[in-house]
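Student: missing the sequence, but the structure's below:
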């Protein structure tokens, strides 16, 4: 990729390529083919390579760009600003239900590409892990505030919560099973509170 700062025209071209690539992912058109993206975006294949060094980079940036554009990442950041662990958990669940169904098909397509192509998986793992990082931080707060049930470790609780909030789970419940967002939020809340949390706050005993 060129190290020079792109001109306004190049920036517009990049946005067009990113939007087109995301639209392909949202339609489940995988594997993502650069020639097809370039043709649909109305640019040359060389223009794609001017902004993206390879297919994996385009795929990851297209996903991340859409997350930023719809405000998903800003909303996740707000989770960590909650006053308590309980409020952080509730905010996390609400953010998930609000945003994830809007991009779940594209995220599933990304998952398929990650399984198929090791270079895509490597590029995906090298990006900042916003979602999983936020889940872990929320669980750590719950534990620190004595809200995490005694039989759960932070690692296991974070793993379960990440799985419940995964694109695969969301796609199955809201897509194949037809759950509404309100139903999804209620069931996630019931599941997480019933499985992971004490009924009321408990003071941790320090060593």
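Tutor: Happy to help now that I have it. Note that the structure is predicted; figures quoted are calculated from it, not measured.

Student: need the contact partners of stretch 64-71.
Tutor: Stretch 64-71 is contacted by residues 15, 18, 22, 73-74, 99, 102-103, 106, 127, 130 when judged by C-beta atoms under 8 Å, 6 or more residues apart in numbering. Where C-beta positions appear, they are placed from N, C-alpha and C, glycine not excepted.

Student: what's the offset of it from the middle of its chain?
Tutor: Distance of stretch 64-71 from the chain centroid (C-alpha atoms, centre = their mean, to the nearest Å) equals 10 Å.

Student: please apply the same query to stretch 143-152.
Tutor: Mean-position distance between stretch 143-152 and its chain equals 25 Å (C-alpha atoms, centre = their mean).

Student: rewinding a little: can you redo the contacts of stretch 64-71 as JSON lines with secondary structure, distance to residue 158 and pLDDT?
Tutor: What follows is the contacts of stretch 64-71, written out as JSON lines (DSSP: H, G, I helix; E, B strand; the rest coil; distance: C-beta to C-beta, whole Å; pLDDT from 0 to 100):
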{"residue": "15", "secondary structure": "helix", "distance to residue 158": "35", "pLDDT": "92"}
{"residue": "18", "secondary structure": "helix", "distance to residue 158": "31", "pLDDT": "95"}
{"residue": "22", "secondary structure": "helix", "distance to residue 158": "28", "pLDDT": "93"}
{"residue": "73", "secondary structure": "helix", "distance to residue 158": "19", "pLDDT": "82"}
{"residue": "74", "secondary structure": "helix", "distance to residue 158": "22", "pLDDT": "85"}
{"residue": "99", "secondary structure": "helix", "distance to residue 158": "20", "pLDDT": "90"}
{"residue": "102", "secondary structure": "helix", "distance to residue 158": "24", "pLDDT": "85"}
{"residue": "103", "secondary structure": "helix", "distance to residue 158": "22", "pLDDT": "87"}
{"residue": "106", "secondary structure": "helix", "distance to residue 158": "24", "pLDDT": "89"}
{"residue": "127", "secondary structure": "coil", "distance to residue 158": "19", "pLDDT": "77"}
{"residue": "130", "secondary structure": "helix", "distance to residue 158": "14", "pLDDT": "56"}
